[in-house]
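In: sequence and predicted structure, then a few things I'm wondering about:
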Amino acid sequence: MLQERTSKPVLGIFQAAITHSLLSGKKFGIVTTGQAWVTTLTAGVSSFLGANASDRFAGVIATNIGVLELKEGNPESIKKRVEDCSGEIARRGAGGIIIGCAGKNRMTNMTCTFSDNHQGWREWKKTSNEVQ
């Protein structure tokens, strides 16, 4: 890891997404692909925050959409699963959603469109400088 090879500050996209979410002042959650990532991403958030739990973190939810399915699968089926997971994160109080997989670029617009229907998300977007 780069952080282990230099004394200079290193901030990866995961840490940047968490930092941005925390600076927004809203609770955040992560939507990812496979169930196997839930534990890893949860541990990563805990490590970054320096605590096992935080009232600012709504958790991680997996869509259980594989990378190939995400790329080539039925868009309506994918959209439904993304909406379900985004809705669960919103019900947990999240005002921001981090997309937990670089391969989920296709999902970003689905999540943002769905999340526009939730008041907390609209407020979070107004206070952030989110880049889509």
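Out: Everything's here; your move.
In: only C-alpha atoms from now on, for both contacts and neighbour counts.
Out: Noted.
In: and the biggest helix by length in the chain, how far out from the chain middle?
Out: If you go by DSSP state H, the chain has its longest helix at helix 75-91. Once both centres are worked out by Cα atoms, centre = their mean, to the nearest Å, helix 75-91 turns out to sit 13 Å from its chain's centre.
In: convert the C-alpha atoms of that helix to CSV, please.
Out: Presented in CSV, the C-alpha positions along helix 75-91 are these (Å, rounded to 0.1, in the frame of the first residue of the first chain):
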residue,chain,number,x,y,z
PRO,A,75,-31.5,-3.0,-16.7
GLU,A,76,-34.9,-3.1,-15.1
SER,A,77,-33.9,-6.0,-12.7
ILE,A,78,-30.7,-4.2,-11.8
LYS,A,79,-32.6,-0.9,-11.3
LYS,A,80,-35.1,-2.6,-8.9
ARG,A,81,-32.3,-4.1,-6.8
VAL,A,82,-30.4,-0.8,-6.6
GLU,A,83,-33.6,1.0,-5.7
ASP,A,84,-34.3,-1.6,-2.9
CYS,A,85,-30.9,-1.3,-1.5
SER,A,86,-30.8,2.5,-1.7
GLY,A,87,-34.2,2.6,-0.1
GLU,A,88,-33.0,0.5,2.8
ILE,A,89,-30.0,2.8,3.3
ALA,A,90,-32.3,5.8,3.3
ARG,A,91,-34.6,4.1,5.8
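In: helices and strands around that helix, which ones?
Out: Helices and strands touching helix 75-91, by 3 or more Cα pairs under 8 Å, 6 or more residues apart in numbering; DSSP states H and E, are strand 28-32, strand 57-62, helix 105-115.
In: now the angle between helix 75-91 and the shortest one, please.
Out: If I follow you right, that is strand 28-32. 150 degrees (axes from the mean of the first three to the mean of the last three Cα atoms, to 10 degrees).
In: and the next helix or strand past strand 28-32?
Out: As assigned by DSSP states H and E, the chain's next helix or strand after strand 28-32 is helix 36-49.
In: same deal with the second one?
Out: Next helix or strand after strand 57-62 toward the C-terminus (DSSP H and E): helix 67-72.
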